[in-house]
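Visitor: Starting from these lines, generate the structure:
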Amino acid sequence: MENQNPVHVFATWKVKEGQIENVLNLLKTVHDESVKEKGNLFYTIHQSNSDANTLVLFEGYTNDDAVLQHRESVYFQEIVLGQIVPLLEKRDIILATPVHY
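Guide: Numbering: from 1, shown residues only. Predicted structure coming up:
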């Protein structure tokens, strides 16, 4: 059965030297489009204090289907996959469901 619980995305990106400003500029559009999505709960971008070329994206979605819709969106395909990923040295993504006690 498909997960109907909230899904949080933790994405860590190591940006290639000299490309951080380009990536941050592109992420502005990705952020603005993501928060408009019906299934988006939040979308925050963090820059590492110890390595300015490392970004951590923390995103929240209502369920698995909302994550899939996000990843299939035109802007995600064109900007994230088409323009940002080539500017990264490394990209790690973890999908997690919050644990409630």
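
Visitor: buried ones in stretch 8-23?
Guide: 8-9, 11, 13, 15, 19-20, 23 (16 or more other Cβ atoms under 10 Å). Heads up, the C-betas are built off the backbone N, CA and C, glycines and all.

Visitor: Quick check: mean pLDDT of the lengthiest helix in the chain?
Guide: When the chain is parsed with DSSP state H, its longest helix is helix 20-34. Averaging pLDDT along helix 20-34 yields 98.

Visitor: repeat for stretch 48-57
Guide: The pLDDT scores in stretch 48-57 average 98.

Visitor: Residues contacting it, please?
Guide: Identification of contacts with stretch 48-57 by Cβ atoms under 8 Å, 6 or more residues apart in numbering yields 9-17, 19-20, 23-24, 27, 43-47.

Visitor: do stretch 61-71 as well
Guide: Stretch 61-71 is contacted from outside by 2-9, 34, 37-41, 59, 76, 95, using Cβ under 8 Å, 6+ apart.

Visitor: Give me the buried entries from the residues you listed.
Guide: Buried among the contacts of stretch 61-71 by 16+ other Cβ under 10 Å: 6-9, 34, 37, 39-40, 59, 76.

Visitor: I'd like the residues you listed as CSV, with distance to residue 101 and secondary structure appended.
Guide: Below are these laid out as CSV (distance: Cβ to Cβ, whole Å; DSSP: H, G, I helix; E, B strand; the rest coil):
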residue, distance to residue 101, secondary structure
6, 15, coil
7, 19, strand
8, 16, strand
9, 22, strand
34, 29, helix
37, 29, coil
39, 25, coil
40, 25, strand
59, 23, strand
76, 33, helix
